[in-house]
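**Q** Starting from these lines, generate the structure:
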Amino acid sequence: MSSSPVNGLLSATAATAVATSTVLLQEQHAAADSKPSDSIAPPHHRHVLVDPSDGYELFPIDFAMHVIHRQNLIDKFLAAHPETKSNASALLLHGGSEVDRYDTDTQYNFHQESFFQYLFGVREPDCAGMIDLSTRKAVLFVPRLSDEWELWCGDRKPLAYFKAHYKVDEVFYMDEMAAVLTEKAKAKQLYVLHGKNTDSGLETTTTSTFEGIEAFAVDKTALHPVLVECRVIKSEKELELLRFVNALSSRAHINVMKSIHPGKMEFHAESDFLHYVYSNGGARFHAYTCICGSGHNASAQHYGHAGAPNDKLLEDGDIFLNDMGGELHGYTSDITCTFPVNGKFSEDQRMLYEGVLKAHDAVMAAIKPGVNWVDMHILANRVMTEHMLEHGLLQNGTVGEMMQHEVSSYFTPCGLGHLMGLDVHDVGGFPVGHVRSEKKSLRKLRLVRHLEKNMVVTVEPGWYFIEAQLRLALADPTIAAFINQDVLARFRGTGGVRIESDVVVTADGVENMTQVPRTVDEIEATMRQK
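**A** The predicted model follows:
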């Protein structure tokens with residue numbers, strides 16, 4: 001490949017001096033946009049629907065979705081902070097930046113920061129956006145790209161392109177931000193994004209700053225919680241996109257299921273899946289690293305990482321857990337299918353799988369607005385505990401006693417599921433002020449709130465034979481007494497089962513977006529279709 005410059009952006013000092021008049025800026029932009037050299041034809045690769053008979057179908061991205069998101073944020077922010085209606089206030093967010101591969105002149109594929117994606121849908125790096133709370137208008141700031149950038153990366157788009165394509169009210173260059181905020185927005189108070197992700201524990205890395213920010217009053221606390229709550233409830237346009245990427249990923253899982261047999265490698269599942277979602281739906285990115293664990297590897301919740309890159313041989317008699325999801329326009333899917341490598345469940349594999357499926361189906365039947373997710377987690381654990389007691393893996397007690405002692409938490413140490421959207425573990429699972437439980441069976445939950453219409457959640461019960469957890473269980477005489485170690489011996493080293501579907505909470509129940517074979521008979525029939 002041709003090498004490219006480390007950074008094609010002009011520095012702030014090398015860029016054109018910030019204009020003191022917004023009128024002058026607008027005149028400069030109008031003149032620049034009229035130059036023939038800047039007349040860029042609309043890109044031929046915009047998302048359009050294509051006849052599936054051609055082998056692929058692309059989703060038509062409607063950027064009006066982000067206009068709706070911005071207006072919704074304004075309404076919620078003004079309701080939470082009514083004083084901002086009259087104090088010359090603006091919301092300011094920065095998007096993500098490209099990241100170099102260490103000291104080389106190549107970059108990782110750019111992935112937009114999720115809050116910025118939610119509000120602006122911009123795929124280019126190094127941008128920012130402002131929302132004027134008094135006029136309700138949105139301004140996009142884009143980098144002033146250099147001649148060197150154009151040499152390597154192609155035509156520079158005029159500002160008019162960004163305005164029309166991303167459906168914002170005005171567009172300026174990044175180095176004009178201070179002048180625009182002062183002269184056009186007349187802003188005195190800026191609300192910038194800063195907060196903590198309750199899953200990762202990490203704080204915002206894109207909190208806005210720019211040359212001249214010291215001239216404004218800056219608030220770093222008010223915006224984040226309001227914007228998180230906006231993302232928790234999905235808009236209708238978001239749901240359309242999530243349904244599309246889920247259907248695409250479901251078909252990709254089925255395609256993988258049909259192709260698997262002993263003698264292949266785990267990475268063949270990953271390769272086939274990624275090719276399918278990209279080739280058939282334009283999903284260039286995957287929502288997370290593919291988890292393709294066979295045999296004992298199926299017990300690793302996040303297998304597939306750099307130290308275990310889906311590289312085991314698929315052997316006759318192994319169970320195979322595939323947790324993979326495509327991503328489109330930042331919106332994710334998160335689907336897990338578990339099936340036998342040879343296409344036929346053994347008696348023990350069937351017993352284990354059907355216990356997890358019972359829990360999955362029980363939760364699906366119970367979901368509706370007002371239900372608490374912690375109760376759904378407990379329901380899933382209770383159903384699996386009943387099943388394992390019935391089939392002899394657990395013993396010497398009642399289901400109630402086993403639930404009291406949290407026996408199932410040694411076999412399913414994670415939570416039942418999580419919110420999903422622009423992040424696979426989407427924001428908002430823990431409301432502000434909620435304290436995480438220290439109970440073993442609850443401390444790994446990613447979602448604890450009451451369900452509401454148009455939330456999107458994953459339902460992913462699982463039962464695993466994780467050696468470290470088994471050692472802890474057997475070292476505790478109280479827990480060990482509940483486990484039939486003769487039966488356990490048949491399962492140690494075999495991995496585990498997870499069944500994961502992505503669902504929308506409806507007005508009176510649930511919509512399952514994930515359409516893959518789920519019963520033993522359905523899976524075996526699908527795997528016969530080589």
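
**Q** what about stretch 255-262, average pLDDT?
**A** Taken as a whole, stretch 255-262 has a mean pLDDT of 98.

**Q** hang on, I meant stretch 110-129
**A** 98.

**Q** Repeat that for stretch 456-463.
**A** 99.

**Q** how far out from the middle of the chain is it?
**A** 15 Å (C-alpha atoms, centre = their mean, to the nearest Å).

**Q** Dump that stretch to CSV, restricted to CA.
**A** This file holds the C-alpha atoms of stretch 456-463, laid out as CSV (Å, rounded to 0.1, in the frame of the first residue of the first chain):
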residue,chain,number,x,y,z
VAL,A,456,-33.5,-2.8,23.3
VAL,A,457,-32.0,-5.5,25.5
THR,A,458,-30.2,-8.8,25.1
VAL,A,459,-31.5,-11.9,26.6
GLU,A,460,-28.5,-14.2,27.1
PRO,A,461,-28.8,-16.9,29.8
GLY,A,462,-25.9,-19.3,29.9
TRP,A,463,-24.5,-22.2,32.0
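
**Q** who's in contact with that stretch?
**A** With contacts defined as C-beta atoms under 8 Å, 6 or more residues apart in numbering, stretch 456-463 is touched by 234, 239, 242, 334, 336, 352, 355-356, 359-360, 363-364, 367, 373, 376, 380, 384, 388, 411-412, 414, 416-421, 426, 447, 451, 496-505. C-beta here means a position set from N, CA and C on the backbone, and glycine is covered the same way.

**Q** distance between the ends of stretch 280-299?
**A** With C-alpha to C-alpha, to the nearest Å as the measure, stretch 280-299 spans 31 Å from end to end.

**Q** Enumerate the positions of that stretch that are buried.
**A** 280-283, 285-299 (16 or more other C-beta atoms under 10 Å).

**Q** In the protein, what helix or strand scores lowest on average pLDDT?
**A** helix 22-33 (a mean of 47; mean pLDDT, DSSP states H and E).

**Q** Mind checking what helix or strand follows that helix in sequence?
**A** helix 64-80 (DSSP states H and E).

**Q** Just the mean pLDDT for that following helix, thanks.
**A** In the prediction, helix 64-80 has an average pLDDT of 98.

**Q** Please apply the same query to stretch 507-522.
**A** Here the average pLDDT along stretch 507-522 is 98.

**Q** do the same with stretch 149-165
**A** The average pLDDT within stretch 149-165 is 98.

**Q** Kindly report the same for stretch 289-304.
**A** On average, stretch 289-304 scores 98.

**Q** any chance you could map the strands in the stretch 101-250 of the chain?
**A** Along the stretch 101-250 of the chain, the stretches classed as strands by DSSP state E, counting those that start in this stretch are 128-132, 138-142, 170-173, 189-192, 217-219.

**Q** who does the second one touch, helix- and strand-wise?
**A** By that I understand strand 138-142. Using 3 or more C-beta pairs under 8 Å, 6 or more residues apart in numbering; DSSP states H and E as the contact criterion, the elements in contact with strand 138-142 are helix 114-120, strand 128-132, helix 159-166, strand 170-173.

**Q** again, 10 Å this time
**A** In this structure, strand 138-142 packs against helix 64-80, strand 89-94, helix 114-120, strand 128-132, helix 159-166, strand 170-173, with contacts taken as 3 or more C-beta pairs under 10 Å, 6 or more residues apart in numbering; DSSP states H and E.

**Q** now the third one
**A** The contact analysis (3+ C-beta pairs under 10 Å, 6+ apart) places strand 170-173 against helix 22-33, strand 128-132, strand 138-142, helix 159-166.

**Q** My reading is that Phe320 lies in a strand. Confirm?
**A** Yes: assigned with DSSP: H, G, I helix; E, B strand; the rest coil, Phe320 falls within a strand.

**Q** For the closest residue to it other than its chain neighbours, list the residues it contacts.
**A** Spatial nearest neighbour of Phe320, excluding adjacent residues (C-beta to C-beta, 6 or more residues apart in numbering): Ser294 at 4.6 Å. By C-beta atoms under 10 Å, 6 or more residues apart in numbering, the contact list for Ser294 reads 260, 262, 264-266, 269, 303, 310, 312-315, 318-322, 340-341, 495.

**Q** and these, which of them are in strands?
**A** Counted as lying in strands by DSSP state E, out of the contacts of Ser294, are Ile319, Phe320, Leu321, Asn322, Pro340.

**Q** what about the fourth one, distance to Ser259?
**A** Just to be clear, that refers to Asn322. Distance of Asn322 to Ser259, given as C-beta to C-beta, to the nearest Å: 11 Å.

**Q** More neighbours: the two, which one.
**A** Taking neighbours as other C-beta atoms under 10 Å, Asn322 and Ser259 compare with Asn322 leading, 28 against 14.

**Q** Perfect, that will be all.
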